[in-house]
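Asks: Provided below for reference: sequence and predicted model.
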Amino acid sequence: MIQLDVSNATGFLPEDWLTSRTERLEQARGWLENGSGAGGSFTGWVHLPRDYDKEEFARIRCVAKKIQSDSQALVVVGIGGSYLGARAVIELLKSPNYNLKKKDTPDIFFAGNGLSTDALLEIIDLVKDRDFSVNVISKSGTTTEPAVAFRIFKNLLEEKYGKEEARRRIYATTDAHKGALKGLADSEGYETFVVPDAVGGRYSVLTAVGLLPIAVAGIDLEKLMEGAAQAMEALSVPGMDNPAWQYAAARHALYTLGKRTEILVGYEPAFRFFAEWWKQLYGESEGKDGKGLFPASVEFTADLHSMGQYIQQGERLMFESVVRFAESLGSFTIPHDPDNVDGLNFLSGKPLSFVAEQAMRGTLLAHVDGGVPNLVIQAARRDEHTVGELIYFFEYSCGLSGYLLEVNPFDQPGVEAYKKNMYALLGKPGYEAQKAELEARLGH
Ligand SMILES: O=P(O)(O)OC[C@H]1O[C@H](O)[C@H](O)[C@@H](O)[C@@H]1O
């Protein structure tokens, strides 16, 4: 099970950092368990690893097999919570180079997560001459970026295969009842998967939203869910040795002391998109009412040669949460060089993981000496079970954290501001007055 080592932060924290928060954590725990706190109608993810829809789960695995057998590529169209979880898990468990590897599963391309013309053209170019399928994912079914991309890939499929076969290659993951995508899927007869009402986008990776692309990549869904279920059991037990309680309390205590940024630190390049997923989870859950830690991320040791300077000596605004996998999947031994021109023979015969371990230990002490508290999240290895645990650990801790901060951890009202302006500037019907006002401000 995930463990939290707070020993490199306690020097910065008052003695009662945890005890002074246990009552509120107990209350937050109840709110999450019963859905009785702010945003409680979006706590469907809390028991999801146990109560998930088994029939749909089986169908996801069936469809994944079909896609594996009839497609060389899968285009996953989605943004935010309808994108980051699948990419995080595929990169963490397979590789950021997944598409380049020799494998018997399709390449996976992520589209509709921005409005870059060039990125879109590139994916079209990469799939158009190959057999491909599309999984379009949008809980609301109305988000502009994926809707635009889906139009394009739908047309591409229809031109390539004809309408009938195109329909068989499109899978829609959306709300059970409402939204434009649901309407389209019903009228076209696409196979659909459901984003449950009580699960918000950023908590949806263990629903069909994440699971279908993850299964297509050949990842064992059972083990992923087992890991999450084990974390669910462990973290629901109240107490000061509960790592989610510790993490939520420590980050809240550090925030109270004036820390404003939490940097999630990974030492695996494969972890990069997991950190992106984590940033949405914490950023949208906590960043509101003028409050919240700013979630940032770095990849060490690479970023020790760029961001390391700031972390060591810049504004003392941050603390680090280091995710440490105890074991590498493979091993590599540093070779001996008879000439020793680089002076590295003192490392000959040592595993690279030993060097990485010392880099991690040295960095931790240096950053603590520089005034940066470090929380260390200990995970076993990059396998399905552990990643399931990690997902649930961060989700559950996030719910607790939001309640400690006294915000609603399950809404994101601020995201609408840019959307309204964009719709107005694009001339969407109904936004005429705002359009004129915004154009005047922009000087047109
Ligand atoms: O799944 P969708 O409804 O398309 O939403 C995709 C994403 O965009 C929204 O603007 C929200 O800020 C995110 O929380 C959400 O995950």
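Replies: The structure has been received and is ready for your questions.
Asks: what's the neighbour count on the residue in the stretch 101-250 of the chain that the ligand sits nearest to?
Replies: Nearest residue of the stretch 101-250 of the chain to the ligand (Cβ to the nearest ligand atom) works out as Gly201 at 2.7 Å. The way it works is simple: take the backbone N, C-alpha and C, and place the C-beta from them, glycine included. Taking other Cβ atoms under 10 Å as the criterion, the count of residues near Gly201 is 27.
Asks: for the nearest residue to it once chain neighbours are set aside, give me the pLDDT.
Replies: Closest residue to Gly201 apart from its sequence neighbours, by Cβ to Cβ, 6 or more residues apart in numbering: Gly81 at 2.6 Å. You'll see Gly81 listed with a pLDDT of 98.
Asks: hmm, Gly81 is touching Thr207, no?
Replies: No - the criterion here is Cβ atoms under 8 Å, and Gly81 misses it with Thr207 at 10.0 Å.
Asks: can you list the residues of the stretch 251-400 of the chain near the ligand?
Replies: Glu284 (Cβ under 6 Å from any ligand atom).
Asks: low pLDDT regions in the stretch 251-400 of the chain?
Replies: Nowhere does the stretch 251-400 of the chain drop to pLDDT under 70.
Asks: can you show me the strands along it?
Replies: Ranges of strands within the stretch 251-400 of the chain are 261-266, 294-299, 318-325, 374-379, based on DSSP state E, counting those that start in this stretch.
Asks: adjacent strands (with direction) for the second one?
Replies: When you say that, I think you mean strand 294-299. If you go by DSSP bridges, strand 294-299 pairs up with strand 261-266 (parallel).
Asks: likewise for the last one?
Replies: Strand 374-379 has these partner strands in its sheet, going by DSSP bridges: strand 3-5 (antiparallel), strand 318-325 (parallel).
Asks: how about those in a markdown table, adding distance to Ile123?
Replies: Shown next, in a markdown table, are the strands paired with strand 374-379 (distance: least, Cβ to Cβ, whole Å):
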| stretch | distance to Ile123 |
| --- | --- |
| strand 3-5 | 39 |
| strand 318-325 | 30 |
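Asks: just the ones you listed: most buried one?
Replies: Comparing those by mean neighbour count (mean count of other Cβ atoms under 10 Å), strand 318-325 comes out on top with a mean of 22.
Asks: pull the residues that contact that one.
Replies: Under the criterion Cβ atoms under 8 Å, 6 or more residues apart in numbering, residues 9, 12, 247, 251, 254, 259-268, 271, 274, 296, 311, 360, 364, 367, 372-382, 386, 390 lie in contact with strand 318-325.
Asks: what strand or helix carries Glu164?
Replies: For Glu164, the host element (DSSP states H and E) is helix 144-168.
Asks: could you list the residues in contact with that helix?
Replies: 75, 77-79, 82, 111-115, 120, 124, 127-128, 132, 134, 136-138, 169-170, 180-181, 188-190, 419, 422-423.
Asks: so which helix or strand takes in Asp411?
Replies: Going by DSSP H and E, Asp411 is not in any helix or strand.
Asks: which segments of this structure make up each domain?
Replies: 3-35+225-404, 48-219 (automatic domain parsing).
Asks: measure the shortest one end to end?
Replies: Terminal residues of domain 48-219 lie 19 Å apart, using Cα to Cα, to the nearest Å.
Asks: for the residue nearest in space to the middle of the chain, give me its contacts.
Replies: By Cα atoms, centre = their mean, the chain has its centre lying nearest to Trp277, at 1.9 Å. Trp277 makes contacts with 84-85, 87-88, 202, 205, as judged by Cβ under 8 Å, 6+ apart.
Asks: can I get those in JSON lines including distance to Asp53 and neighbour count?
Replies: Shown next, in JSON lines, are those (distance: Cβ to Cβ, whole Å; neighbours: other Cβ atoms under 10 Å):
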{"residue": "Leu84", "distance to Asp53": "22", "neighbour count": "27"}
{"residue": "Gly85", "distance to Asp53": "17", "neighbour count": "31"}
{"residue": "Arg87", "distance to Asp53": "23", "neighbour count": "25"}
{"residue": "Ala88", "distance to Asp53": "22", "neighbour count": "26"}
{"residue": "Arg202", "distance to Asp53": "20", "neighbour count": "27"}
{"residue": "Val205", "distance to Asp53": "15", "neighbour count": "30"}
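Asks: done for today, thanks.
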